[in-house]
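Participant: Just need the structure, nothing else, for what follows:
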Amino acid sequence: MYIRTKLMIGMLAALPALAMAQETQVVKIGFSSPLTGPQASAGNDNKGGLEMAIDKLNAQGLVIGGKKIKFEAVMEDDQGDPKSGVGVAQKLSDMHVKAIVGPYNSGVTIPASRVYNDAGIVMGTVASNPKITQQGFANVFRVAASDSQLGGKMALYAAKELKLKTVAVIDDRTAYGQGLAEEFSKVAKANGIKIVSNDYTNDKATDFTAILTSIKSKKPDAIFYGGYSPQGGPMTRQMKQLGLNNMLLLGGDGICAPEMGRLGGDAITDQVYCTQGGAMLDKLSEGKVFSAEYQKRFNRPAETYAASFYDGMMVIAAAMKAANSVEPKVYISALSKIQYKGVAGEYSFDAKHDLKESPVTVFRFKGGLPVALTSY
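Facilitator: Residues are numbered from 1 along each chain as shown. All right, here's what the predicted structure looks like:
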């Protein structure tokens with residue numbers, strides 16, 4: 001009897017420690033992208049990447065700070081609009097999320113980043129305008145290529161591989177499109193390409209006939225478009241209607257998606273080139289696995305930034321684990337020094353929190369889909 005009683009007392013004493021070891025902490029992660037409107041396809045692509053990362057992390061049963069961690073995403077639709085994006089940022093900051101994966105658009109990210117930074121929340125964004133990391137915000141990290149890399153590499157490829165001599169430039173006046181076009185023009189000029197015209201539209205436009213008619217008279221080898229697929233698709237269709245079939249269309253990651261083919265139809269031929277941050281997924285074992293899992297889960301291919309949103313979450317979780325804390329003020333030091341191999345490439349950050357190395361892949365459309373040509 002004495003032995004049994006002593007054993008029961010010992011078991012009861014161990015219960016609090018056992019309960020503590022099994023305690024689960026819910027860690028909320030914010031997500032900001034356009035889930036409605038013209039860019040909804042890109043936003044839902046991003047959402048799928050984050051969902052896959054969170055499910056994989058939760059299946060691992062991570063223990064951080066002595067607690068089992070369960071990540072939960074708070075998905076917010078910023079509509080690709082700066083004002084809405086700031087509203088989302090204020091909402092997520094008030095919820096005290098432990099990190100933000102997003103936003104997608106540079107025009108949203110620039111004003112929203114101040115809100116997140118002031119709230120002490122770490123943000124991992126794919127938005128590419130160089131100004132984002134030039135603000136000097138300690139909590140802001142870029143987990144994809146910048147405009148200088150995306151626009152610059154497209155210009156280098158245009159000069160050295162396509163041997164173009166003249167290019168007309170159009171941008172949509174968003175922070176993303178304008179920044180991308182400026183970087184393309186700068187590097188293009190430095191490599192012997194003449195910019196014959198600079199024209200502007202907006203990210204709600206559908207008719208580009210006047211701009212294209214003006215460009216047609218200048219007979220450039222190509223048009224570079226700084227903007228997104230919802231305008232890029234119709235623009236290419238109108239190029240065909242005006243007899244500009246043999247003129248190349250170049251762009252960045254904003255048009256590097258199957259949505260171009262859906263919106264541009266048979267006008268989206270091998271005359272369309274684009275760049276996207278990251279290595280060629282189909283050349284990497286992790287990339288092949290990710291693409292197959294994404295297709296199986298969502299019954300659609302991963303598009304431009306699904307892999308980067310996946311990696312962004314994984315990098316943040318790795319920093320939390322290294323710091324043994326989910327609190328941004330604690331794990332930010334580990335994130336700043338991290339070296340992580342993800343699906344889309346290697347992740348380590350420079351002093352501005354840009355990626356130290358960000359390969360850029362050049363794509364050419366075939367059958368309405370972007371097909372990787374080379375990492376450049």
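
Participant: List the buried residues in the one helix or strand V196 maps to.
Facilitator: In this structure, V196 is located in strand 194-200 according to DSSP states H and E. Neighbour counts over strand 194-200 (16 or more other CB atoms under 10 Å) mark I195, V196, S197, D199 as buried. Every C-beta, even on glycine, is put in place using the N, C-alpha and C of the backbone.

Participant: shouldn't the first one be in contact with V167?
Facilitator: Okay, so that is I195. Yes - in this structure I195 lies within contact range of V167 using CB atoms under 8 Å: 6.0 Å.

Participant: so what's S336 up against?
Facilitator: Listed by CB atoms under 8 Å, 6 or more residues apart in numbering, the contact partners of S336 are F349, H353.

Participant: Which secondary structure element is home to the residue nearest to G102 when sequence neighbours are not counted?
Facilitator: The shortest distance from G102 to any non-neighbouring residue, by CB to CB, 6 or more residues apart in numbering, is to S32 (3.8 Å). Using DSSP H and E, S32 maps to strand 24-33.

Participant: mind listing the helices for the stretch 151-300 of the chain?
Facilitator: Using DSSP state H, counting those that start in this stretch, the helices found in the stretch 151-300 of the chain span residues 175-190, 209-218, 229-241, 259-264, 285-298.

Participant: for the stretch 1-150 of the chain, that is, sorry about that
Facilitator: Using DSSP H, counting those that start in this stretch, helices in the stretch 1-150 of the chain cover 2-22, 40-60, 82-94, 106-118, 131-134, 147-160.

Participant: Can you list the low-confidence ranges for the stretch 1-150 of the chain?
Facilitator: Residues of the stretch 1-150 of the chain that meet the criterion pLDDT under 70 lie in 1-22.

Participant: repeat that for 50
Facilitator: Scanning the stretch 1-150 of the chain with the threshold set as pLDDT under 50 gives 1-12, 14-20.

Participant: Quick one: residues contacting the spatially most central residue of the chain.
Facilitator: Centrality entry for the chain: nearest residue to the mean C-alpha point is V126, 3.3 Å, by CA atoms, centre = their mean. Counting by CB under 8 Å, 6+ apart, V126 touches N46, G102, Y104, R142, V143, A144, G277, Y305, S308, F309, G312.

Participant: who touches both of I195 and V167?
Facilitator: A188.

Participant: Was I right to think V140 contacts N129?
Facilitator: No - with contact defined as CB under 8 Å, V140 does not reach N129; the gap is 12.0 Å.

Participant: related to what we said a few turns ago, so how far is the strand holding V196 from its chain's centroid?
Facilitator: 27 Å (CA atoms, centre = their mean, to the nearest Å).

Participant: Against which helices or strands is it packed?
Facilitator: strand 166-171, helix 175-190, helix 209-218 (3 or more CB pairs under 8 Å, 6 or more residues apart in numbering; DSSP states H and E).

Participant: Including distance to Q238 and mean neighbour count, could those go into JSON lines?
Facilitator: Listed next are the helices and strands packed on strand 194-200 as JSON lines, based on distance: least, CB to CB, whole Å; neighbours: other CB atoms under 10 Å:
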{"stretch": "strand 166-171", "distance to Q238": "12", "mean neighbour count": "23"}
{"stretch": "helix 175-190", "distance to Q238": "18", "mean neighbour count": "23"}
{"stretch": "helix 209-218", "distance to Q238": "6", "mean neighbour count": "14"}
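
Participant: Adding mean pLDDT and distance to E76 as columns, could you present the ones you listed in TSV?
Facilitator: Putting those into TSV (pLDDT from 0 to 100; distance: least, CB to CB, whole Å) gives the following:
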stretch	mean pLDDT	distance to E76
strand 166-171	98	27
helix 175-190	96	19
helix 209-218	97	34
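
Participant: Before I go, just wanted to say thanks for your time.
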